[in-house]
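1. give the three-dimensional model of this entry:
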Amino acid sequence: MFALCLTLGLLAAFVAAIVIRALRFVPCEEPETPAEHIPADQAALAAQLQAMLRLPTVSATEEGLTDDAVFESFRALLARLYPTLFARCAPERHGRHGLLLRIQGRSPDAPSVLMAHYDVVPAEEEGWTHPPFAGDIMEGELWGRGALDTKCTVMGILAAAEALLREGFVPRNDVYLSLGGDEETLGQDASAIVDALEAHSLRPAFVLDEGGAVVDRVFPGVSRPAALVGIAEKGSAFVDVCAAGRGGHASAPPSRQAVGQLCRALVNIQKRQAPFTLTAPARVLFDTLGRHAGFGYRLIFANLWCFRPLLDLVCRQSGGELNALVRTTAALTRLSASPAYNVLPAEASAGVNLRLIPGDSAQAAMDRLRRVLGKTGATARLVKASAPSPVSPAEGQAWQRLGSAIAHTFPGAIRSPYLMMAASDSRHYCRISEHVYRFSPLSLDRARLGLIHNQDERIRLDLLGDIYRFYIRVLRQC
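-> Residues are numbered from 1 along each chain as shown. Predicted coordinates:
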């Protein structure tokens, strides 16, 4: 009887503790300050972006497939669209297509860097409602490859800088505008620009590149829009998984075939995921957005010390971004075997893309992958890898500067750090700055997010003013 009473008492104490923690797990008070009205000429901004979209600046990994003349035409277009900026800030070329402009401030110390890339992924006209490089405007939307990723931010940064310079604006510290032309192919333009800055011993106090956006319903139980700022990004590894078998005529197949062995290996990779890991970006995201969720979710996020296994299970089963936030992921992306129906391949191979969570490494991930393959007969070979970025602080002057611009441009949005899943050019800046942030000033729902790198990429015209105003506010604080 005593043991039962003790058990019930401990259970009651446990329930009381987690409920009290959940009740106290509420949002921090943030004073709202009225934003200064900044006029924006939507028609002019749309015309600028439209002109950019009509130049197919498609970057390619293979040598000789990138049309350098189109990239040259794009840079000439920028000089025509933003004459004051290009006349006052002589552009420098770095790498193959990288462009760097310096807006001289009152001091060269603690400079800021605003980044974007103007290359785009390929787009075949078939399947598009409007041609991908026509720049059509229909029903309040501007259509074209690069409308979201990221010629809209190229336009926003340069239009804001042009307008401020025409007003006689001089920043407190130098500002560098860094435009890459090979981000989509993991190229070296941004690295070359960083080399140039490093050669002058520059240590930027603030770096801003593409990344998170203002999105709706991305977190369980939270209905308010959230402005997600990447304070780190995952690394990436390309891996070939191969299985060998007896090749030859398909009329008498052996008991063990290369394709079958490869399939068993790929099933193992899908089933046996990397371990659940709560990195600093994930912890602060759960702490920030979890406070805005309903009580049931707050019960979980306020008590991760005991609900961690439940969260792990939820993430595993849901997949997608929530799962990618808490572990190194493996995406099965390529397959190759026999070229004919009646020929047994001597080898079958698959391409696997590992996205490495901060704290993980390509070597550790490869060791895990080989254990997962076990006795399937398949082997794994690392082709190429980049490490996860360092984690930038979600506090201090640089963070507050960004937070202020977000709050005034997107009032009501919850501002939260997060871990960026994709790679960006900003990773190169981590070797010269501890304050590298990834945020795109766009209000996007899930459907619009899905248009990036997809058919019918387009942007609502009413978003262009917010992009412009956001960069005006950022530049004024530099």
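2. only C-alpha atoms from now on, for both contacts and neighbour counts.
-> Fine.
3. now do the SS call for residue 84.
-> In the three-state summary, residue 84 is assigned as helix, counting by DSSP: H, G, I helix; E, B strand; the rest coil.
4. quick check: it touching residue 166?
-> Yes: here residue 84 reaches residue 166: they are 6.8 Å apart, a contact under C-alpha atoms under 8 Å.
5. so these two - more neighbours on which side?
-> residue 84 (16 against 11; other C-alpha atoms under 10 Å).
6. could you report the pLDDT at that one?
-> Here, the pLDDT recorded for residue 84 equals 97.
7. what sits closest to it if chain neighbours are left out?
-> residue 162 (6.1 Å; C-alpha to C-alpha, 6 or more residues apart in numbering).
8. wait, the one you found touches residue 85, no?
-> Yes: counting by C-alpha under 8 Å, residue 162 does reach residue 85; the two are 5.3 Å apart.
9. looking at these two, which is more packed in?
-> residue 85 (25 against 20).
10. for that one, what are its contacts?
-> 79, 158, 161-162, 165 (C-alpha atoms under 8 Å, 6 or more residues apart in numbering).
11. how about 7 Å then?
-> Counting by C-alpha atoms under 7 Å, 6 or more residues apart in numbering, residue 85 touches 161-162, 165.
12. okay, it and residue 463: tell me how far apart.
-> According to C-alpha to C-alpha, to the nearest Å, residue 85 and residue 463 sit 23 Å apart.
13. got it, and residue 196?
-> 34 Å.
14. check the gap between residue 204 and residue 110 for me.
-> Taking C-alpha to C-alpha, one finds residue 204 at 5 Å from residue 110.
15. which of these two has more neighbours?
-> residue 204 (23 against 16).
16. need phi/psi at the more buried one.
-> phi -60, psi 140 (degrees, to the nearest 10).
17. and what of the one 5 residues further on?
-> When read as degrees, to the nearest 10, the backbone of residue 209 gives phi -130, psi 180.
18. wait, what's in contact with it?
-> Per C-alpha under 7 Å, 6+ apart, neighbours of residue 209: 114-116, 426, 437-439.
19. quickly list what it is bridged to.
-> With DSSP bridges as the criterion, residue 209 is bridged to residue 438.
20. which non-adjacent residue is nearest residue 131?
-> Nearest to residue 131 is residue 125, by C-alpha to C-alpha, 6+ apart, at 5.5 Å.
21. now name the helix or strand holding the one you found.
-> Assessed by DSSP states H and E, residue 125 sits outside every helix and strand.
22. what does residue 116 give?
-> With DSSP H and E as the test, residue 116 turns up in strand 107-117.
23. mind listing what's buried along that strand?
-> 110-117 (16 or more other C-alpha atoms under 10 Å).
24. dump the residues you listed into JSON lines; add pLDDT and distance to residue 254 as well.
-> As requested, the buried residues of strand 107-117 are exported to JSON lines (pLDDT from 0 to 100; distance: C-alpha to C-alpha, whole Å):
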{"residue": "110", "pLDDT": "95", "distance to residue 254": "67"}
{"residue": "111", "pLDDT": "97", "distance to residue 254": "65"}
{"residue": "112", "pLDDT": "98", "distance to residue 254": "63"}
{"residue": "113", "pLDDT": "98", "distance to residue 254": "60"}
{"residue": "114", "pLDDT": "98", "distance to residue 254": "59"}
{"residue": "115", "pLDDT": "97", "distance to residue 254": "56"}
{"residue": "116", "pLDDT": "97", "distance to residue 254": "54"}
{"residue": "117", "pLDDT": "97", "distance to residue 254": "51"}
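25. so which of the residues you listed comes closest to residue 443?
-> Closest approach between these and residue 443, by C-alpha to C-alpha: residue 116, at 17.6 Å.
26. ok, the closest one to residue 266 distance?
-> On the measure of C-alpha to C-alpha, residue 116 and residue 266 end up 36 Å apart.
27. what's the answer for residue 368, then?
-> 14 Å.
28. these two: who's more crowded?
-> residue 266 (21 against 17).
29. now for the closest residue to residue 225 other than its chain neighbours: which residues touch it?
-> With C-alpha to C-alpha, 6+ apart as the criterion, residue 225 has its nearest non-adjacent residue at 4.4 Å, and that residue is residue 216. Each residue near residue 216 by C-alpha under 7 Å, 6+ apart is listed here: 223-226, 445.
30. same check, this time on residue 323
-> 315-316.
31. how far is the host helix or strand of it from where the chain is centred?
-> Using DSSP H and E, the element containing residue 323 is helix 320-324. Taking C-alpha atoms, centre = their mean, to the nearest Å, the mean C-alpha location of helix 320-324 is offset from the chain mean by 13 Å.
32. would you mind extracting the C-alpha trace of whatever helix or strand comes next after it into PDB?
-> Sequence order places strand 329-336 as the next helix or strand after helix 320-324, per DSSP H and E. Output of strand 329-336 as PDB, limited to C-alpha atoms (Å, rounded to 0.1, in the frame of the first residue of the first chain):
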ATOM      1  CA  THR A 329      19.300  13.300 -43.300                       C
ATOM      2  CA  ALA A 330      19.900  11.000 -46.300                       C
ATOM      3  CA  ALA A 331      18.000  11.800 -49.600                       C
ATOM      4  CA  LEU A 332      18.100   9.100 -52.300                       C
ATOM      5  CA  THR A 333      18.500  11.100 -55.500                       C
ATOM      6  CA  ARG A 334      20.100   9.100 -58.300                       C
ATOM      7  CA  LEU A 335      19.800   5.600 -59.800                       C
ATOM      8  CA  SER A 336      21.800   3.800 -62.400                       C
END
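33. list the contacts of whatever helix or strand comes next after strand 329-336.
-> Note on strand 329-336: by DSSP H and E, the next helix or strand toward the C-terminus is strand 343-344. Strand 343-344 is contacted from outside by 247-250, 338, using C-alpha under 7 Å, 6+ apart.
34. just the ones in strands from these, please.
-> Among the contacts of strand 343-344, the ones falling in strands (DSSP state E) are 248-249.
35. ok so, going back, tell me the one of the buried residues of strand 107-117 nearest residue 354?
-> residue 117 (24.0 Å).
36. verify the stated contact: that closest one with residue 185.
-> No: Residue 117 is beyond contact range of residue 185, at 11.3 Å (criterion: C-alpha atoms under 7 Å).
37. for the stretch 301-450 of the chain, which segments count as strands?
-> Listed in chain order, the strands of the stretch 301-450 of the chain (DSSP state E, counting those that start in this stretch) span residues 329-336, 343-344, 347-356, 378-386, 414-420, 436-444.
38. output the ones you listed in CSV; the columns should cover mean neighbour count, mean pLDDT and distance to residue 32.
-> Shown next, in CSV, are those (neighbours: other C-alpha atoms under 10 Å; pLDDT from 0 to 100; distance: least, C-alpha to C-alpha, whole Å):
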stretch, mean neighbour count, mean pLDDT, distance to residue 32
strand 329-336, 16, 93, 39
strand 343-344, 20, 91, 67
strand 347-356, 22, 94, 37
strand 378-386, 16, 92, 40
strand 414-420, 25, 94, 12
strand 436-444, 24, 96, 19
